[in-house]
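# 3D, please:
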Amino acid sequence: MPGTFKLFVLASLGIAGGCASIPIQGDPAVPVFAKAETVPVGTAAEDAADDPAIWRNPENPEKSLIVATDKKAGLHVYDLQGRQLSFFDGAGLNNVDLAELGDGRILVAASDRSDIATAHILLAFLDPATGSLSQAARLSVGPGEGYGICFGKDERDGSLSIFSAPKNGVIYRTVVNTSGGQIAGRTQAVARVASQPEGCVVDERTRTLYIGEEVTGIWAFDMDSADMDASKRLVARVDNRMLVADVEGLAIYPQGEDGGMLVASSQGDNTYAVYELPEMAPVGRFRIAAGTFGSTEETDGIELASGSFGSLYPGGLFVAQDGANEPEAQNFKLVSWEDVMEALAGE
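Take a look at the predicted model:
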């Protein structure tokens, strides 16, 4: 949800005759700079770009790909120089994630909000050689306007789930069957948050689902619990210090058995909050400042991938939507995760 979380102050100051607002600013954030940016999405002068997903090419990391949404038009596929390789037409595709199947195919899932009464999932296969997308299925999820989405793979048996977080706060789990010639899914509602969610990411090591409730904070759910809703814990609250509403995209950088970092887009003050796993201990905050490429503002979706992506991104790749890329249409900025860690260590 674009926009800045506001603090209304005139009443407290005793000023009558209307109200004004000032933005809330969280704790200081260290600056980092983008190493590249994508070409703008095709929809100009609108809130259109939204969410990225990263596929890392294990054989040639510099040939990795980014799949990203223009929620007014469809899915873009970019290379690490930000050049567009292909475009998949599909208005209403809001959030996106991808997973590599056991047979090597790359499955892309996008939340489909073209029917605002019923959430759907658009599934497509990504061709890593050409960067093209081919539709595989469209699955009905349940009541609600499609919004957040993320994959969760069970490494114990190879089963694949897609978690959907529509605007109504119901969290759905779709178990996907990719065997045979057609893709099918079996969906059930597994949890709920009180107000609009969006950010969604799974820690497959600890079997934890993280959901960002925009005005409240970040929830953790036990994916193996018989009652996922009863397992939920508020692990990071909107406090106007680490997190300033809206909480938007979530991303994870796993290290070891249960360590690493979880990152959240703190949209209300144009920053990103970093927490250490598994305790969700606050590490610090960063912002993408203007340098060779522009800064980012009002970020919706983010993605973070570990491993080397070549000389510019030797310690991982962070991608963030830029909600204010004037005079061009919105786009996505690429940042070295090594630069983020060094900036946070030196603050």
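
# packing partners for the lengthiest helix in the chain?
Of all the elements of type helix in the chain, the one with the most residues (DSSP state H) is helix 337-345. With contacts defined as 3 or more CB pairs under 8 Å, 6 or more residues apart in numbering; DSSP states H and E, the secondary structure elements packing on helix 337-345 are strand 30-33, strand 281-289, strand 317-322. For every residue, glycine as well, the C-beta is placed using N, CA and C.

# wouldn't A117 be in contact with G142 here?
No. Contact status for A117 versus G142: not in contact, 10.3 Å apart, counting by CB atoms under 8 Å.

# quick one: which of those two has more around it?
Applying other CB atoms under 10 Å to A117 and G142 shows that G142 carries more neighbours, namely 17 against 7.

# which residues touch that one?
118-119, 164, 166, 170, 172, 187, 189 (CB atoms under 8 Å, 6 or more residues apart in numbering).

# for the residues you listed, which one is nearest G259?
Compare each of these with G259 using CB to CB and the shortest gap goes to S164, at 27.9 Å.

# which parts of the helix or strand where V141 lies are buried?
Taking DSSP states H and E as the criterion, V141 maps to strand 132-143. Of the residues in strand 132-143, those scored as buried under the neighbour-count criterion (16 or more other CB atoms under 10 Å) are 133, 136-137, 139, 141-142.

# likewise for stretch 308-326?
309, 312-313, 315-323, 325.

# distance between it and the chain's centre?
Relative to the mean C-alpha coordinate of its chain, stretch 308-326 is positioned 13 Å out (CA atoms, centre = their mean, to the nearest Å).

# all further residue positions should be reported with the first residue as 888.
Sure, I'll start counting at 888 from here, so that last one is stretch 1195-1213.

# what is the mean pLDDT for it?
Averaged across stretch 1195-1213, pLDDT comes to 97.

# quick one: residues contacting the residue lying closest to G977 once chain neighbours are set aside.
Spatial nearest neighbour of G977, chain neighbours left out: G961 (4.3 Å); criterion: CB to CB, 6 or more residues apart in numbering. With contacts defined as CB under 8 Å, 6+ apart, the neighbours of G961 are 974-978, 980.

# please repeat the previous calculation with a cut-off of 6 Å.
Under the criterion of CB atoms under 6 Å, 6 or more residues apart in numbering, the contact list for G961 reads 975-977.

# residue ranges with poor pLDDT in the stretch 888-1037 of the chain?
888-908 (pLDDT under 70).

# helices of that one, start to end?
Defined through DSSP state H, counting those that start in this stretch, the helices belonging to the stretch 888-1037 of the chain, from first to last, are 897-900.

# residue boundaries of the strands in it?
893-895, 908-910, 917-920, 923-924, 936-942, 952-957, 961-965, 971-976, 980-987, 993-999, 1005-1014, 1019-1030, 1035-1040 (DSSP state E, counting those that start in this stretch).

# for these, which one sits closest to A1168?
Taking CB to CB as the criterion, strand 917-920 is the member of the strands of the stretch 888-1037 of the chain that comes nearest to A1168, at 17.4 Å.
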